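> fold the following, please.
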Amino acid sequence: MSGNYELMLIIRQDTAETEEKNLIERIKKSLNATKFGSATPLGKKHFAYPIRKEAEGKYWLLTYSAKAQEVKELENMVKKAVSEIL
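Below you'll find the predicted structure:
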């Protein structure tokens, strides 16, 4: 049984636009046959306190439907992309 999920990403502010789009594409591909809803850029925002010595980040909201196992796989993929994601 699949459920609907949202994933909020905060990407380093110095990440190039092409790298951002590549990261989003990698996430879409890692979801394989699941239904990907949307990837919405929410813009650059200033943090209330530094995260990994960064004061700002680029926010993205991704929506998708997936099974629990697929969510776990996505979680692992996102953890491996730590250099780009805050």
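> now residue 77, nearest residue through space, not along the chain?
residue 30 (4.6 Å; Cβ to Cβ, 6 or more residues apart in numbering). C-beta coordinates here come from the backbone N, C-alpha and C atoms, glycine included.
> who's in contact with the one you found?
When contacts are counted by Cβ atoms under 8 Å, 6 or more residues apart in numbering, residue 30 touches 73, 74, 77.
> which of the residues you listed lies closest to residue 11?
residue 77 (14.5 Å; Cβ to Cβ).
> thought residue 27 was touching the closest one, still the case?
Yes: using Cβ atoms under 8 Å, residue 77 makes contact with residue 27 at a distance of 6.9 Å.
> hmm, back to that, in JSON lines, list the contacts of residue 30 along with distance to residue 8, pLDDT and neighbour count.
Output for these, formatted as JSON lines (distance: Cβ to Cβ, whole Å; pLDDT from 0 to 100; neighbours: other Cβ atoms under 10 Å):
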{"residue": "73", "distance to residue 8": "18", "pLDDT": "79", "neighbour count": "14"}
{"residue": "74", "distance to residue 8": "13", "pLDDT": "79", "neighbour count": "20"}
{"residue": "77", "distance to residue 8": "16", "pLDDT": "76", "neighbour count": "14"}
